[in-house]
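**Student:** Just a sequence and a predicted model for now, questions to come.
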Amino acid sequence: SEQVVILAADDATLRRWDHRLFDSADIGRLLILLQQRGASAAALAWPMLSNAQFSPAERNSLARDMRTSGIACLPLGLLSPGSAASSANRGNSLLLQRYSALVASRFAEPPTQELRLLAPDDTLLRAAASAGHNGFTLDSDGRVRRLPVWIESQGAYYPPLAISAAVLSSGETELTRASQTLPLMPDGTMLLNYPTGVAATPDDATQVLASAFRTYSIAQVLENPRLLPDLRHSCIIIGPTSNSLSQFSTPSGARVPAVMLHAVIADNLLSGQNIERAPTAFLWLMTIILCLTVGGFVSSRPPLWSA
């Protein structure tokens with residue numbers, strides 16, 4: 001993909017950060033560097049940002065750099081209705097609604113599962129250019145094939161983090177209109193189109209997926225900013241990629257970090273290469289044709305007898 005770029009908090013980056021998962025000073029510096037290279041949107045794909053405890057100095061410094069760059073998209077964590085969370089991390093509802101959107105009646109079955117959002121600190125929310133939820137839908141086999149396009153919370157609808165960043169990077173000002181082209185399932189989810197092709201094994205699929213996006217190490221970029229190309233019209237996904245962190249299974253069996261899933265989602269929207277499930281009538285028609293073909297072939301063959 002030429003439109004989606006990954007900035008990876010890889011093993012080298014974690015060593016730079018003394019094995020901490022996030023460094024507010026480096027991320028602030030990175031956001032400004034990306035903006036100087038022409039980037040207009042950068043999704044911070046760290047789920048822990050929704051529950052991070054920054055010192056006042058760290059929080060204010062990061063917020064200042066976010067405002068200066070004007071490209072930061074923050075993740076919104078998800079809480080089930082019965083879950084507890086500190087009031088500091090539930091987020092100011094008025095601030096959150098800045099990042100919600102009106103949803104047209106596109107669903108045969110409107111989304112019914114209402115969740116509470118686990119939001120970053122209000123200071124960071126105010127400094128963000130956009131925000132979106134970081135939830136994925138796991139199928140019964142534990143693999144990620146679908147994404148909830150809208151999450152309802154307190155009467156407002158929130159888009160996924162990657163779609164929010166993709167819309168910002170494209171210059172589209174109306175999130176609802178930009179997402180109208182997405183083919184959705186009746187439950188409001190979209191099928192993910194992974195660029196793994198016909199990879200023979202899960203390892204092959206992992207390698208194909210990893211090579212589908214231009215990826216740069218955060219540590220290397222901060223040490224040598226000239227590694228970054230011109231990033232105009234690019235959607236940037238920033239997040240951890242270390243194998244030691246939690247990963248998701250794709251339909252082909254590849255194990256990938258969440259940052260890769262966000263990249264796939266953004267690419268699906270920006271490239272228009274979405275997929276949708278075939279209509280039930282078409283599936284029945286193909287089944288009948290296959291049965292008639294096999295039945296006709298079998299009936300035309302002479303019986304084989306054995307003693």
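**Tutor:** Sure thing, it's come through. Numbering: from 1, shown residues only.
**Student:** looking at the protein, which helix or strand does the model trust least?
**Tutor:** helix 175-178 (a mean of 51; mean pLDDT, DSSP states H and E).
**Student:** Could you list the low-confidence segments of the stretch 1-150 of the chain?
**Tutor:** Residue ranges of the stretch 1-150 of the chain with pLDDT under 70: 1, 80-94, 101-115.
**Student:** for the stretch 151-300 of the chain, same thing?
**Tutor:** For the stretch 151-300 of the chain (pLDDT under 70), the answer is 172-186, 196-206, 208, 244, 274-292, 294-300.
**Student:** Work out the gap between the next helix or strand after the least confident helix or strand of the chain and the centre of the chain.
**Tutor:** With elements assigned by DSSP states H and E, the helix or strand that comes after helix 175-178 is strand 189-191. Distance of strand 189-191 from the chain centroid (Cα atoms, centre = their mean, to the nearest Å) equals 12 Å.
**Student:** Now stretch 247-265 - C-alpha only, PDB.
**Tutor:** Only the C-alpha atoms of stretch 247-265 are listed here, as PDB (Å, rounded to 0.1, in the frame of the first residue of the first chain):
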ATOM      1  CA  GLN A 247      -1.200 -10.500  18.800                       C
ATOM      2  CA  PHE A 248      -4.300 -11.300  16.700                       C
ATOM      3  CA  SER A 249      -5.000 -14.200  14.400                       C
ATOM      4  CA  THR A 250      -6.100 -13.500  10.800                       C
ATOM      5  CA  PRO A 251      -8.300 -15.800   8.700                       C
ATOM      6  CA  SER A 252      -5.200 -17.400   7.100                       C
ATOM      7  CA  GLY A 253      -3.700 -18.200  10.600                       C
ATOM      8  CA  ALA A 254      -1.100 -15.400  10.600                       C
ATOM      9  CA  ARG A 255      -0.400 -13.800  14.000                       C
ATOM     10  CA  VAL A 256      -0.100 -10.100  13.700                       C
ATOM     11  CA  PRO A 257      -0.100  -7.100  16.100                       C
ATOM     12  CA  ALA A 258      -3.000  -4.800  16.400                       C
ATOM     13  CA  VAL A 259      -1.100  -2.100  14.500                       C
ATOM     14  CA  MET A 260      -1.200  -4.300  11.400                       C
ATOM     15  CA  LEU A 261      -5.000  -4.700  11.700                       C
ATOM     16  CA  HIS A 262      -5.400  -0.900  11.900                       C
ATOM     17  CA  ALA A 263      -3.200  -0.600   8.700                       C
ATOM     18  CA  VAL A 264      -5.400  -3.100   6.900                       C
ATOM     19  CA  ILE A 265      -8.600  -1.200   7.900                       C
END
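**Student:** Look up phi and psi at the residue sitting nearest the centre point of the chain.
**Tutor:** The centroid of the chain falls nearest to His262 when counting by Cα atoms, centre = their mean (2.3 Å). For His262, the backbone dihedrals are phi -60, psi -40 (criterion: degrees, to the nearest 10).
**Student:** you'd agree it is up against Leu44?
**Tutor:** No: proximity of His262 to Leu44 does not meet the contact threshold set by Cβ atoms under 8 Å, at 10.1 Å. (C-beta placed from N, C-alpha, C; glycine too.)
**Student:** Could you check stretch 11-27 and say which residues are buried?
**Tutor:** For stretch 11-27, the buried set under the neighbour-count rule, 16 or more other Cβ atoms under 10 Å, comprises 11, 13-14, 16-17, 21-24, 26-27.
**Student:** Out of these, the closest to Leu124 would be?
**Tutor:** Ser24 (9.6 Å; Cβ to Cβ).
**Student:** Next, the contact list for the closest one, please.
**Tutor:** By Cβ atoms under 8 Å, 6 or more residues apart in numbering, the residues touching Ser24 are 54, 58-59, 61-62.
**Student:** Just among these, which is most surrounded?
**Tutor:** Leu62 (27 neighbours; other Cβ atoms under 10 Å).
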